[in-house]
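# sequence and computational prediction follow.
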Amino acid sequence: AAGQQLDRSRDGAKCFYMVESGAVQLSYPTVDGRLLPVRLLHKGDVFGGTDLWAEGVASARQETAVALEPTTLKVVPHARFASVLRNDSLVATAVKNLVAKAEAAQRSI
């Protein structure tokens with residue numbers, strides 16, 4: 001639903017998300033409690049993958065994701081996804097590149 005928080009900051013990074021439909025706003029919390037918008041995601045965009053590379057240890061997620069309209073996400077728990085990445089180096093490389101591209105886009109804002 002519009003305005004629904006999808007991935008709460010500091011709750012730990014437990015899933016990898018792909019937007020199937022709708023729109024998601026990624027934001028970072030400021031020291032005074034406001035949210036600073038950094039990236040608008042649409043169909044095919046991903047988030048939540050950064051912590052997959054932290055040697056299997058989920059770290060606190062920095063961004064907050066909020067649906068801007070009715071949104072459908074594909075959600076893959078990191079534990080399940082990490083298993084695929086360990087067993088298929090081609091998939092691991094492709095996903096790592098995709099996540100790096102998404103992170104670079106966020107940093108450029």
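Nice, I can see it. None of the values given here were measured: they were computed from a predicted structure. Numbering: from 1, shown residues only.
# poorly predicted segments of this structure, please.
1, 7-13, 49-62, 102-103, 105-109 (pLDDT under 70).
# middle-most residue in it, spatially?
Centroid-nearest residue in the chain, with CA atoms, centre = their mean: residue 47, separated by 1.9 Å.
# what bridges to it?
residue 17 (DSSP bridges).
# wait, it touches residue 27, no?
No. Applying CB atoms under 8 Å, one finds residue 47 not in contact with residue 27, separated by 11.4 Å. Just so you know, the C-beta spots here come from the backbone N, C-alpha and C atoms, and that holds for glycine as well.
# overlap of the contact sets of the two?
63, 65 (CB atoms under 8 Å, 6 or more residues apart in numbering).
# longest helix of this protein?
Counting residues, the longest helix in the chain under DSSP state H turns out to be helix 89-107.
# gap between the nearest residue to residue 84 once chain neighbours are set aside and residue 99?
Among residues not flanking residue 84 along the chain, residue 91 sits closest, at 6.0 Å (CB to CB, 6 or more residues apart in numbering). To residue 99, residue 91 is 12 Å away according to CB to CB, to the nearest Å.
# which of the two has more neighbours?
residue 99 (19 against 13; other CB atoms under 10 Å).
# residue 2 versus the more buried one, what's the distance?
Taking CB to CB, one finds residue 99 at 26 Å from residue 2.
# quick one: end-to-end length of stretch 77-97, please.
Terminal residues of stretch 77-97 lie 19 Å apart, using CA to CA, to the nearest Å.
# any buried residues in it, and which?
78, 81-82, 85, 92, 95 (16 or more other CB atoms under 10 Å).
# ok, how many other residues are close to residue 22?
By other CB under 10 Å, neighbour count at residue 22 equals 17.
# who's in contact with it?
So residue 22 contacts 42-43, 67-72 (CB under 8 Å, 6+ apart).
# mind doing that once more with 6 Å?
For residue 22, the contact set (CB atoms under 6 Å, 6 or more residues apart in numbering) comprises 69-71.
# let me have those in TSV, extended by secondary structure, distance to residue 32 and neighbour count.
Shown next, in TSV, are those (DSSP: H, G, I helix; E, B strand; the rest coil; distance: CB to CB, whole Å; neighbours: other CB atoms under 10 Å):
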residue	secondary structure	distance to residue 32	neighbour count
69	coil	27	11
70	coil	31	11
71	coil	28	21
